[in-house]
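> sequence-free structure coming up:
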C-alpha cells in the first residue's frame, strides 16, 4: 500500500486543461438540463419562464451539488477505511435517512416545507451518532468496528422499514420511490440548505487530501509521517457525514455514485487524492446531472428514479474501466 502512495504518478495539483474541459462539459450539461424536460417552453422566453426558474434551474443545481458531494465523500471514505468497496452510505446515513423519510411519509408530512427531508436529515444524523458511540473507545475510533457497526445497523433499519411498509401498503410506493432517489421535488430551499454544507465539506476534504494519501499507508505509518490521525479521521468523518446526510435528505438515496466515480477518476488520473478529490467534484456533478436529465426525458411525461439510472449507466462503465485497466491490479 505504501508503494502505491509513493507511486511515481503521484503529482500535486490537477491538469488545468483537463479540469477546464470537464468544467465546460458540466456547464453544457447544465444548460441542456435547463432546456429539456417533460414540458416544452419557448426558448426565447426562457428568462421569463417560471418553469425555468422554479423547476428546471433548482433541479439542475441540486443534482450538481449532490453529485459532487457523493463522489467526494466516496473518495474520502475509500481512503479512510482503506477499502475500495466503501461508499458514502457505509456509516448508515442512507438507512437512517430512509427510516426518517418513511416515518414522515406515514405521518403525512409531505405537504409541509422540508417535512420529509427534515425528518430524514435528523434520523440520518442520529443513526451515524449512534454508530460513532458504539465504535468509539475513549478518544479513539476503530475504523473496522465503525464499518461493521454501520453495516449491521443498516441491515437492522432496512428490516424495520420493510416492516413499516408491510403494515402500510397504501404508502409503500411513496417510500420505495423516495429510497430510489429523485430530484423531482427540488426547490430553491433545498439548494440553499445543501449547497453551503457541500462547499464547506468539500473544502475540508480538499484541505486534508494529502493526509488521505498518507492514511492509505495505514494509521501507524501516517502517524510516523506527522499526521494527527485521530483528528484527521474525526474531521473528515464529521464533514463527509454532514454532507451526505444533507444531500440524501434533499433527494433520497442515489446509489453507486460514490463508489464508481472516484474509482473511475483514479483509473484515469492516478491515486493521488490531491487530484482525485478535485476531479471527483466535477465528474460526480456531471454524472448525476446527466443521469437525472435522462431520467426525466427518456419516458416523458413519466419519470424514472435517478438512483436506478445511476446504477444502470454506471455499472457497465465501471466494469469496462476495470477491464481496460485490469493489468494494473
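Looks like it came in fine. All values reported here derive from a predicted model rather than from experimental measurement. Residues are numbered from 1 along each chain as shown.
> For residue 187, list the residues it contacts.
54, 58 (Cβ atoms under 8 Å, 6 or more residues apart in numbering). Yep, even glycine has a C-beta here, placed from its N, CA and C like the rest.
> ok, it to residue 304 distance?
Applying Cβ to Cβ, to the nearest Å, the value for residue 187 to residue 304 is 20 Å.
> Report the secondary structure state of the closest residue to residue 255 other than its chain neighbours.
Setting aside the residues directly before and after it, residue 255 is nearest to residue 307 in space (Cβ to Cβ, 6 or more residues apart in numbering), at 5.3 Å. What DSSP: H, G, I helix; E, B strand; the rest coil gives for residue 307 is helix.
> quick one: residue 307 and residue 248 touch, right?
No - under the criterion of Cβ atoms under 8 Å, residue 307 is not in contact with residue 248, lying 10.5 Å apart.
> which residues do those two both contact?
Residues touching both residue 307 and residue 248 (Cβ under 8 Å, 6+ apart): residue 254.
> Which of the two has more residues huddled nearby?
Counted by other Cβ atoms under 10 Å, residue 307 and residue 248 do not tie: residue 248 has more neighbours, with 32 against 24.
> Got phi/psi on residue 141?
The phi/psi pair for residue 141 (degrees, to the nearest 10) reads phi -120, psi 130.
> beta partners for it?
Per DSSP bridges, residues listed as beta-bridge partners of residue 141: residue 136.
> give me every residue that touches it.
132, 135, 230, 233, 234, 237 are the contacts of residue 141 under Cβ under 8 Å, 6+ apart.
> CSV please, covering the residues you listed and showing pLDDT.
CSV is the format used below for the contacts of residue 141 (pLDDT from 0 to 100):
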residue, pLDDT
132, 85
135, 80
230, 83
233, 87
234, 87
237, 88
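> What about these, which are in helices?
Per DSSP state H, helices hold the following members of these: 132, 135, 230, 233, 234, 237.
> give me phi/psi at the nearest residue to residue 214 once chain neighbours are set aside?
With sequence-adjacent residues excluded and distances taken as Cβ to Cβ, 6+ apart, residue 214 is closest to residue 222, at 4.1 Å. Note on residue 222: backbone dihedrals following degrees, to the nearest 10 are phi -60, psi -40.
> tell me the pLDDT at residue 222?
With respect to pLDDT, residue 222 scores 81.
> Also residue 41?
Residue 41 carries a pLDDT value of 67.
> Next: residue 44.
According to the prediction, residue 44 has pLDDT 65.
> Identify the residue nearest the geometric centre of this protein.
Centroid-nearest residue in the chain: residue 70, 1.6 Å away (criterion: Cα atoms, centre = their mean).
> Looking at the helix or strand that contains that one now, give me its mean pLDDT.
Per DSSP states H and E: residue 70 is located in helix 57-80. The average pLDDT within helix 57-80 is 94.
> Next SSE downstream of that helix?
helix 93-106.
> That next one to helix 57-80, inter-axis angle?
140 degrees (axes from the mean of the first three to the mean of the last three Cα atoms, to 10 degrees).
> just checking, what packs against helix 93-106?
On a contact count with 3 or more Cβ pairs under 8 Å, 6 or more residues apart in numbering; DSSP states H and E, helix 93-106 meets helix 115-135, helix 143-167, helix 172-179, helix 229-251.
> ok, residue 245 - contacts?
Going by Cβ under 8 Å, 6+ apart, residue 245 touches 93, 96, 97, 121, 124, 125, 128.
> where does residue 97 land on pLDDT?
At residue 97, pLDDT is 89.
> next one: residue 232
Note for residue 232: predicted pLDDT of 88.
> Kindly report the same for residue 204.
95.
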